[in-house]
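**Student:** what follows is a predicted structure for the sequence shown.
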Amino acid sequence: MNQLRDSLPKEFFEEDFFILHNLDEYTLDNAGSDVSARLDSKKTIWKNTEKRIAYYDYTNSYSKIFGVNSLFNHSVNNYQSDGIFHDDFFINSFYLDATVNETLDGNVTYLEYSKIYSDYKFLGAVPFTHGYTTVKSTVSIEVPDNIEIDILEMNFSGYEISRKEEQLKKSNKITYTLSKIDFEEDCNYCPSGRHYEPHLVIIYKSVTRRGEKESLLPDVSNLYGWYKSLVDQVEDDPDQISELVDRFKDMEKGDEQIGAVYDWIKNNIRYIAFESGMAGFKPDECQNVYNNRYGDCKGMANLCKNVLTELGYDARLAWIGTRREVPYDYSIPSLIVDNHMITAIKIGDEFTFVDPTETYGEHKEYAFRIQGRPVLIENGDDFILSEVPGSEMNSDFVRRYYTYTFDPEKVLSTYDAEMVMKGESKKYVLANYNMTLSQDRNDALASFLRPYETGSIELLTEQGLKTNSDSLLFSYKYTTPSGIIDLGSEYYLDIDPSSDLESLKLSEGRKADYFFGERFNRETFIDMIIPEGFSVTHSPKSFSNKSDDFEISVLVSEGEEKVSVEKRVKIYQGSVSMDETEFQQALKNLKDYYEDTIILKKN
């Protein structure tokens, strides 16, 4: 036990538990009418706590867990979102109670279970660590000789992973062993693990039965064929949505009418998320979504498609994978490529897109999560591959203007402030504001606008908070005793109330690129009025770090009557390589700036 403690970083032993060895053995089978798969999993677990520990796995209508060893209590529950139970996504919880002491060497216990995938398509990505702190992982895939697959090795660079292939009597077994996994902190400003964690992707090419070779999912045409088979099962009844269609019939065709349809759906249909099993891919009927007043992305896209079709547009369903979650494109024919559905409208030779789940967006203001992403558009028995357009840098921004005054008699700072927001930041504020109870909204807004918990705030004007607008604007006055160190004749003043990227952690062992979920675009302008009878003896240093991917700069200028600060933090495409040394330096410079102050001294 001491030898193990000496061989691993101390952070492993600060977790409630970690996986000493993850052993996942997958076996493909074609005994039934379709290709299926079985997982036999054994996890050797090191406990660092006397408390109950929990491990989670997930199933859907095409997978089931059984054979859990007796040490662990196994329960299965529907996933619940916004008060609605999802009947095709199940959380499997494995609990080891604190009272269970059947362990080896005092700290080690085992979790064993099996999982059946009745349809191979739902086993696409094969992880090594399942999101848990893991020391070693072994994954094997046994493939019968009559099933042809490709295994794609994703994100292997930088890891010690061995591969062994063994020919058995009627099958081929491929075994991967991932050794010496470093401890990783919770990833700060990161995309999903599939962007950077090692894993396997299985491409199912064919199965041969009785001498006949059958295609499975060898390319995108087969993937689309399966999607289309689900759409063909949808029994839409446009007559049941005629009342909705009639709302827009008298409007002139074009962007205004399409935008009105989008506005009605996003404002009146509650969005919920199904992301697993059949419900993760088959749209609900348009009339169900309309009558129920809720739906997932597929149901809402289908309702939008049907309304626009009834209005005379060439509207179609479109499958897409979002930026943060999906690192793949359609060169990989697998269900893991898509996690979202939108509506495509063909106008002339071009497509425009509507995403009804973007409750606080505007028509043709595409969310950053789908910008630049490949999209698969239905086209009868065929399909069309396209791409959602990107946006200009200034379609997303936050701009702040502060006039700062300091009262040495009362030892108070006052900010006359204006903030303008557009794009993703605007949607974020609107979403949080509208999710807050009405009676708490003013307090929540004040808490958002003021940099410190102490002090008073007076909202002078706001625009766009309660009405449709392409931007939000707040002007307000804020007075606070915080951010001041009083040394009598000398004061240390923190005059910048904004904190862009201050929480971003620098880590030498980082595995992922920096990901921000938007074209991060922040500009802050501060004019500090120097009080009469005082002078500035110190101010933060100016700096500027730039590359093709970002700009982080602070310009501090001193005059006789004021100190001016211009701060710019811009991530042009919403991500920066983790190996970008100039970005590392920029973050260090920004951290130094935040920790510095203006020193004001009495003359």
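**Tutor:** That came in fine, so what should we check first?
**Student:** the chain: helices as residue ranges?
**Tutor:** Ranges of helices within the chain are 2-7, 220-232, 242-246, 255-268, 286-292, 297-310, 424-435, 441-449, 581-595, based on DSSP state H.
**Student:** how about those in CSV, adding distance to residue 320?
**Tutor:** Glycine gets a C-beta too; all of them are placed from N, C-alpha and C. CSV is the format used below for the helices of the chain (distance: least, CB to CB, whole Å):
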stretch, distance to residue 320
helix 2-7, 45
helix 220-232, 12
helix 242-246, 25
helix 255-268, 16
helix 286-292, 19
helix 297-310, 9
helix 424-435, 17
helix 441-449, 31
helix 581-595, 29
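**Student:** quick one: closest of those helices to residue 136.
**Tutor:** helix 2-7 (11.5 Å; CB to CB).
**Student:** show residues contacting the closest one.
**Tutor:** 13, 46 (CB atoms under 8 Å, 6 or more residues apart in numbering).
**Student:** how far does it sit from its chain's centre?
**Tutor:** Distance of helix 2-7 from the chain centroid (CA atoms, centre = their mean, to the nearest Å) equals 36 Å.
**Student:** and that helix, what's buried?
**Tutor:** For helix 2-7, a neighbour-count test (16 or more other CB atoms under 10 Å) marks nothing as buried.
**Student:** also stretch 43-63?
**Tutor:** Neighbour counts over stretch 43-63 (16+ other CB under 10 Å) mark 43-47, 53, 55, 57-63 as buried.
**Student:** straight-line length of it, end to end?
**Tutor:** End-to-end distance of stretch 43-63 (CA to CA, to the nearest Å): 20 Å.
**Student:** what of stretch 403-418?
**Tutor:** The first and last residues of stretch 403-418 sit 9 Å apart, counting by CA to CA.
**Student:** do me a favour and average the pLDDT over it.
**Tutor:** Taken as a whole, stretch 403-418 has a mean pLDDT of 96.
**Student:** try stretch 555-565
**Tutor:** Stretch 555-565 comes out at a mean pLDDT of 96.
**Student:** quote the end-to-end distance of it.
**Tutor:** OK, stretch 555-565 end separation, CA to CA: 6 Å.
**Student:** got the buried residues for that stretch?
**Tutor:** Those would be 556, 563, 565, for stretch 555-565 by 16+ other CB under 10 Å.
**Student:** show me where the stretch 1-150 of the chain dips below the pLDDT cut-off.
**Tutor:** Scanning the stretch 1-150 of the chain with the threshold set as pLDDT under 70 gives 1-2, 79-88, 98-106.
**Student:** try it again at 80.
**Tutor:** Low-confidence segments of the stretch 1-150 of the chain, defined by pLDDT under 80: 1-6, 32-33, 78-89, 97-106.
**Student:** which residues of it fall in strands?
**Tutor:** 17-29, 36-47, 53-59, 63-66, 73-81, 84-96, 108-117, 125-127, 134-144, 147-154 (DSSP state E, counting those that start in this stretch).
**Student:** and the shortest one, what does it pack onto?
**Tutor:** Translated: strand 125-127. Secondary-structure packing of strand 125-127 (3 or more CB pairs under 8 Å, 6 or more residues apart in numbering; DSSP states H and E): strand 199-209.
**Student:** one more: the second one?
**Tutor:** Helices and strands in packing contact with strand 36-47 are listed as strand 17-29, strand 53-59, strand 108-117; criterion 3+ CB pairs under 8 Å, 6+ apart.
**Student:** which other residues reach it?
**Tutor:** Contacts for strand 36-47 (CB under 8 Å, 6+ apart): 4, 12, 16-30, 53, 55, 96, 103, 107-120, 123.
**Student:** repeat that for stretch 385-394.
**Tutor:** 220, 320, 330, 342, 344, 351, 353, 365-366, 368, 370-377, 422-423, 519, 521, 570, 572.
**Student:** could you rerun that using 6 Å?
**Tutor:** Stretch 385-394 has contacts (CB atoms under 6 Å, 6 or more residues apart in numbering) with 351, 353, 366, 370, 371, 372, 373, 374, 375, 377, 519.
**Student:** about what we covered before: which of the contacts of strand 36-47 count as buried?
**Tutor:** 12, 17-30, 53, 55, 96, 107, 109-113, 115-117, 119-120, 123.
**Student:** who's residue 46 bridged to?
**Tutor:** residue 18, residue 108 (DSSP bridges).
**Student:** please shift the residue numbers so they start at 394 in all later answers.
**Tutor:** Happy to do that; since the first residue is 394 now, the last one works out to residue 439.
**Student:** and the nearest residue to residue 634 once chain neighbours are set aside, how far from residue 628?
**Tutor:** Nearest-residue entry for residue 634: residue 683, 5.0 Å, with adjacent residues in sequence omitted and distances by CB to CB, 6 or more residues apart in numbering. Computed as CB to CB, to the nearest Å, the residue 683 to residue 628 distance reads 14 Å.
**Student:** and what of residue 975?
**Tutor:** 57 Å.
**Student:** more crowded one of these two?
**Tutor:** Taking other CB atoms under 10 Å, residue 975 and residue 628 do not tie; residue 975 has more neighbours (13 against 9).
**Student:** for the stretch 744-893 of the chain, which spans come out with low pLDDT?
**Tutor:** 844, 846, 860-861.
**Student:** repeat that with 50
**Tutor:** Along the stretch 744-893 of the chain, no part satisfies pLDDT under 50.
**Student:** could you pull out the strands for it?
**Tutor:** Under DSSP E, counting those that start in this stretch, the stretch 744-893 of the chain gives strands at 767-772, 775-780, 790-800, 805-815, 849-856, 864-873, 877-879, 883-886.
**Student:** show me the strands paired with the second one, marking each as parallel or antiparallel.
**Tutor:** Looking back up the chat, that one is strand 775-780. For strand 775-780, pairing defined by DSSP bridges yields strand 767-772 (antiparallel).
**Student:** didn't residue 969 look like it was pressed against residue 942?
**Tutor:** Yes: using CB atoms under 6 Å, residue 969 is in contact with residue 942, at 4.9 Å.
**Student:** between the two, which has more neighbouring residues?
**Tutor:** Taking other CB under 10 Å, residue 969 and residue 942 do not tie; residue 969 has more neighbours (23 against 18).
**Student:** got a list of what that one touches?
**Tutor:** Shown in contact with residue 969 (CB under 6 Å, 6+ apart): 907, 942, 943, 976.
**Student:** among those, which are located in strands?
**Tutor:** If you go by DSSP state E, those have 907, 943 in strands.
**Student:** give me the buried subset of the contacts of residue 969.
**Tutor:** 907, 942, 943, 976.
**Student:** for residue 781, grab the count of nearby residues.
**Tutor:** 22.
**Student:** can I get the strands of the stretch 394-543 of the chain in CSV including distance to residue 650?
**Tutor:** Putting those into CSV (distance: least, CB to CB, whole Å) gives the following:
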stretch, distance to residue 650
strand 410-422, 50
strand 429-440, 47
strand 446-452, 41
strand 456-459, 43
strand 466-474, 32
strand 477-489, 31
strand 501-510, 45
strand 518-520, 41
strand 527-537, 51
strand 540-547, 43
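**Student:** of the ones you listed, give the one that comes closest to residue 992.
**Tutor:** Using CB to CB, the strands of the stretch 394-543 of the chain put strand 410-422 closest to residue 992, at 47.3 Å.
**Student:** who's in contact with the closest one?
**Tutor:** 405, 429-440, 446, 525-536, 540.
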